[in-house]
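> From the sequence below, what's the structure:
(one chain, ligands or ions: 1)
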Amino acid sequence: MKVCVLTLFPELFDPFWAHGIIRRAVQAERLIPRTINIRDHAQGRHRVTDDRPYGGGCGMVMKPEPLTAALADARAGLPAATTLLLSPQGKPFDQAAAQSLAGAEELILVCGRYEGVDERFIDAHVDAEVSIGDFVLTGGELGAMVVIDAVTRLIPGVLGNAESAGNDTFSDGLVEYAHYTRPATFDDRAVPEVLQSGNHQSIARWRHETALIRTALKRPDLLHGRDFSAEERAILMKWRRNLDRLLG
Ligand SMILES: C[S@@+](CC[C@H](N)C(=O)[O-])C[C@H]1O[C@@H](n2cnc3c(N)ncnc32)[C@H](O)[C@@H]1O
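Numbers count the residues shown, from 1 in each chain. So this is what the prediction gives:
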């Protein structure tokens, strides 16, 4: 995937491209990143990228001309790209959105700063606004990194088999099962016996059960409307009986 980020702070991305799985994806050219400094497309000696808001009020607004010129530069190399603006007003970004973006060949992400960007730029050039949560950041750069990170690990071939995203939280509408590693006992807490049994069927059953129960406890909202399998119904009934017994 070719991804281009429009930002006033391109240097923030240098360490991001250079570490962990993102770095590996870049080296393997499964992720081909580019950052464009919006300021490079601003006019005049001072290369001004922001100005006071019409109507008064505090803060500054990003001017539409440098953004439009920077976007034209990005699009010259990525003619088929979807253009997303990071914004707290956007659609909440989730795993389903990451999965759908992972199938794209090209993507442009625009990072706002200050009070945000001139609305006319959004009207004319932005395909969708994306929020990474109901809070307000100082800029879109962290949001862009969140989107790129979540999407990149879903690009086919980026994660090795050993790191497969298949069991991840959300992949089957459940949170993931619990993980344990050596030592077998830590602080008087032992790893569940079944995980040391070598019985793959029992391990798979245990993992499915714990994923379902952990989802019910941690994220019950994920289970609303779920089409429970017969096995899942049996697991939930068993836990209901356990709870009934506990409560008398
Ligand atoms: C201080 S914010 C502007 C907030 C804007 N005044 C508002 O109330 O909607 C500056 C920039 O940070 C980015 N940003 C802030 N919060 C974000 C969020 N939750 N998700 C994605 N981007 C965000 C956007 O690019 C935004 O233009």
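
> From Thr7, how far off is the residue of the chain found nearest the ligand?
Distances between the chain and the ligand by Cβ to the nearest ligand atom are smallest at Gly112, namely 2.1 Å. No exception for glycine: its C-beta is placed from N, CA and C like everyone else's. Per Cβ to Cβ, to the nearest Å, Gly112 is found 9 Å from Thr7.

> again, but for Ile203
From Ile203 over to Thr7 (counting by Cβ to Cβ), the distance is 45 Å.

> of the two, who's got more company?
Thr7 (24 against 16; other Cβ atoms under 10 Å).

> number of nearby residues for the closest residue to that one other than its chain neighbours?
Closest residue to Thr7 apart from its sequence neighbours, by Cβ to Cβ, 6 or more residues apart in numbering: Cys111 at 4.3 Å. By other Cβ under 10 Å, the residues close to Cys111 number 27.

> just Arg75 next, same as before
Arg75: 16 neighbours (other Cβ under 10 Å).

> My guess is the residue of the chain closest to the ligand contacts Leu84. True?
No. Between Gly112 and Leu84 there is no contact, the gap being 11.4 Å when judged by Cβ atoms under 8 Å.

> so how far is the helix or strand where Arg205 lies from its chain's centroid?
Using DSSP states H and E, Arg205 falls within helix 200-218. Relative to the chain's own centre, helix 200-218 is displaced by 24 Å; criterion: Cα atoms, centre = their mean, to the nearest Å.

> Any buried residues in that helix, and which?
Ile203, Trp206, Arg207, His208, Glu209, Thr210, Ala211, Leu212, Ile213, Arg214, Thr215, Ala216 (16 or more other Cβ atoms under 10 Å).

> before we move on, which element is the closest residue to Glu209 other than its chain neighbours in?
Among residues not flanking Glu209 along the chain, Ile235 sits closest, at 5.0 Å (Cβ to Cβ, 6+ apart). For Ile235, the enclosing helix or strand under DSSP H and E is helix 230-247.

> got the angle for that helix vs helix 200-218?
Angle of helix 230-247 versus helix 200-218, following axes from the mean of the first three to the mean of the last three Cα atoms, to 10 degrees, is 60 degrees.

> Give me the residues contacting helix 230-247.
The set of residues external to helix 230-247 that reach it, using Cβ atoms under 8 Å, 6 or more residues apart in numbering, is His208, Glu209, Leu212, Ile213, Ala216, Arg226, Phe228.

> Against Glu232, how distant is the first one?
So that's His208. From His208 to Glu232 the distance is 8 Å (Cβ to Cβ).
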